[in-house]
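>>> No sequence on hand, only this structure:
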């Protein structure tokens, strides 16, 4: 009961704080429009990079352009959602350094909601839009015999993927409580992760693939389930049901990240400034 | 002579300021190394399909990746150098203090940014590059001359990179908020510098165009000079021409901007 109360309260606070940041970003209208367009293009150019590669070759690691676009669309859309919801968590280290994190602690609102909604930026819809467009194109151009489970797997991948990336953001925030200035390490897993997942697993070394399957299970965002949809072998030896394990992996990641966040919060020591 | 010492002191200040954040530097080294590894594998797959793409062999493509990671922070390719502070100072009005100083505004910020670049190079750039050289086959010159020419192109690249970002920062005099411009800097910086793909590998007319834009002076030129893919003199002229043109444009914009500064009392 109490847990549920905290959740409702957290969501409400999140909505209020996010709304405040949306209004604040609307103050400078031109700048806001430029940021939305900029966000769309900055992520779009990622894909232009892939298109440029395919202007020179017909396949990458044995995967065709629609197949790579399928991976790309899933990775970017899932990451985009997590980035919209929790993407400002990398300012946490700065907040601890300048002491403003202490202000968040004394407010009667869950800290995670405050940190997550901090500097909420609507411009991040740009990335989701762009990812969804590429995903849509990939879905119609990829050569797949669509069955009901395969069709259902697509939204499942996006939602589980967003949850997995969100867990990475929260775990990264917990890490910042200990490492403060080292906020950038989390970029290696968030931005690095979404970049990695845009390319076929066949491109990477087996150890790297093993690492993102079992250590930081990003492979469940798209590599593993997408391999099933495309009728390709799993990147590494996994049981056949692994393609449908993404929601379970996502839940496990969120539980672990939540636990890490609580541990981090409890061991926080203010700088006193 | 006196003013030379002033700018040297500003540069030293820029260096020390960034050197203060040791944990952040270590984190940056880690992140650049991870990105380097991801990119190297994709490039190897690409060059596997099409050997000699853009005139590079595989070892050269690998070298290009690690040089990109090395210069990423050094040249603030996606922004985040002096221009960020400058924008904030314009937005808050603190720029009035800078204008009041008996120093040249552009040189002042250039000096600070050069200090920053030097630290980012030593603190953040060298280790990922060395990591790459250790674990992947690279095409590095064994004689002194290409390395010496490489150092010169790096200096020129630093100035061009600053000049681009300075122009962007001045736009805040009109826009009042730097968020949008920062985005544009990021997009153009990453893409046109060749962080996604070497500019040499861009196809057709599009490739011809991107190779003469100022961003080509940032990563492509130093890479080609280091690997002996271009005549160093040609690279120097290209970079210096852009540096002069962009700095001059910065001066023009600066005088236009400072004429219309209105500082609010407070």
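Structure's in. What do you need? Predicted model only: the values in this text are computed from it and were never measured.
>>> Which strands and helices lie in contact with the helix-or-strand element of chain A with minimal mean pLDDT?
Every helix and strand of chain A was ranked by mean pLDDT, DSSP states H and E. The lowest is helix A:92-98, at a mean of 81. Using 3 or more CB pairs under 8 Å, 6 or more residues apart in numbering or on different chains; DSSP states H and E as the contact criterion, the neighbours of helix A:92-98 among helices and strands are helix A:100-106, helix A:148-179. Any C-beta I mention is one placed from the backbone N, CA and C, and that applies to glycine too.
>>> Tell me which of the ones you listed approaches chain B most closely.
Proximity to chain B, assessed across the helices and strands packed on helix A:92-98 by CB to the nearest CB, is greatest for helix A:148-179 (6.2 Å).
>>> Just say which of the helices and strands packed on helix A:92-98 is most tucked in.
Highest mean neighbour count among these (mean count of other CB atoms under 10 Å in any protein chain shown): helix A:148-179, with a mean of 21.
>>> Residues in contact with stretch A:210-229: which ones?
Contact partners of stretch A:210-229, identified using CB atoms under 8 Å, 6 or more residues apart in numbering or on different chains, comprise A:70-71, A:74-75, A:78-79, A:144, A:150, A:153-154, A:156-157, A:160-161, A:164-165, A:168, A:189, A:193, A:196-197, A:201, A:209, A:233-236, A:238, A:242-246, A:249-250, A:253.
>>> Pull out the buried residues from it.
For stretch A:210-229, the buried set under the neighbour-count rule, 16 or more other CB atoms under 10 Å in any protein chain shown, comprises A:212-213, A:216-229.
>>> so how far is it off the chain centroid?
With CA atoms, centre = their mean, to the nearest Å as the basis, the distance from the averaged C-alpha position of stretch A:210-229 to the chain average is 14 Å.
>>> and the end-to-end length of that stretch?
Using CA to CA, to the nearest Å, the end-to-end distance of stretch A:210-229 comes out at 20 Å.
>>> The helices and strands packed on helix A:92-98: lowest mean pLDDT?
In terms of average pLDDT, helix A:100-106 trails the rest of these, at a mean of 87.
>>> gap between it and the chain center?
In terms of CA atoms, centre = their mean, the gap separating the centre of helix A:100-106 from the centre of its chain is 26 Å.
>>> Quick one: list the elements packing against that helix.
Right, helix A:100-106 is packed against helix A:92-98, helix A:111-117 by 3+ CB pairs under 8 Å, 6+ apart.
>>> on contacts alone, who are the packing partners of the last one?
This points to helix A:111-117. Helix A:111-117 makes packing contacts with helix A:2-25, helix A:100-106 when contacts are defined by 3+ CB pairs under 8 Å, 6+ apart.
>>> got the buried residues for the longest one?
Of the residues in helix A:2-25, those buried by neighbour count under the rule 16+ other CB under 10 Å are A:10, A:13-14, A:17-18, A:21, A:25.
>>> which among those are in contact with chain B?
Counting by CB under 8 Å from any CB of the partner chain, the subset of those that neighbours chain B consists of residue A:25.
>>> from the buried residues of helix A:2-25, which single one is nearest chain B?
Nearest to chain B among those, counting by CB to the nearest CB, is residue A:25 at 7.8 Å.
>>> May I have the residues that are in contact with the closest residue to the closest one other than its chain neighbours?
Residue nearest to residue A:25 in three dimensions, not counting chain neighbours: residue A:32, with 5.3 Å by CB to CB, 6 or more residues apart in numbering or on different chains. Residue A:32 is in contact with A:25-26, A:123, B:179-180, counting by CB under 8 Å, 6+ apart.
>>> Does stretch A:185-195 reach chain B?
Yes: Stretch A:185-195 lies within reach of chain B by CB under 8 Å from any CB, at A:185, A:187-188, A:192, A:195.
>>> thinking again about what came up before, looking at the helices and strands packed on helix A:111-117, spot the one closest to residue B:72.
Shortest separation from residue B:72 across the helices and strands packed on helix A:111-117 is recorded for helix A:2-25, at 27.5 Å, computed as CB to CB.
>>> Could you list the residues in contact with the closest one?
With CB under 8 Å, 6+ apart as the contact definition, helix A:2-25 has outside contacts at A:32, A:35, A:109-110, A:112-114, A:116-123, B:179.
>>> Quick check on those: which are buried?
The buried subset of the contacts of helix A:2-25 - by 16+ other CB under 10 Å - is A:32, A:35, A:109-110, A:112-114, A:116-118, A:120-123, B:179.
>>> give me the number of residues near residue 49?
Since you didn't name a chain, this refers to chain A. Burial measure for residue A:49: 17 neighbouring residues, criterion other CB atoms under 10 Å in any protein chain shown.
>>> let's do chain B instead
By the measure other CB under 10 Å, the count of residues near residue B:49 is 16.
>>> Quick one: residues contacting the nearest residue to it once chain neighbours are set aside.
Leaving aside its sequence neighbours, residue B:49 sits nearest to residue A:57 (CB to CB, 6+ apart; 4.0 Å). With contact taken as CB under 8 Å, 6+ apart, residue A:57 is in contact with B:46, B:49-50.
>>> can I get those in JSON lines with pLDDT, secondary structure and distance to residue B:79?
As requested, the contacts of residue A:57 are exported to JSON lines (pLDDT from 0 to 100; DSSP: H, G, I helix; E, B strand; the rest coil; distance: CB to CB, whole Å):
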{"residue": "B:46", "pLDDT": "95", "secondary structure": "helix", "distance to residue B:79": "27"}
{"residue": "B:49", "pLDDT": "93", "secondary structure": "helix", "distance to residue B:79": "33"}
{"residue": "B:50", "pLDDT": "92", "secondary structure": "coil", "distance to residue B:79": "32"}
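>>> Now tabulate those residues in a markdown table and tack on distance to residue B:58.
Shown next, in a markdown table, are these (distance: CB to CB, whole Å):
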| residue | distance to residue B:58 |
| --- | --- |
| B:46 | 10 |
| B:49 | 11 |
| B:50 | 11 |
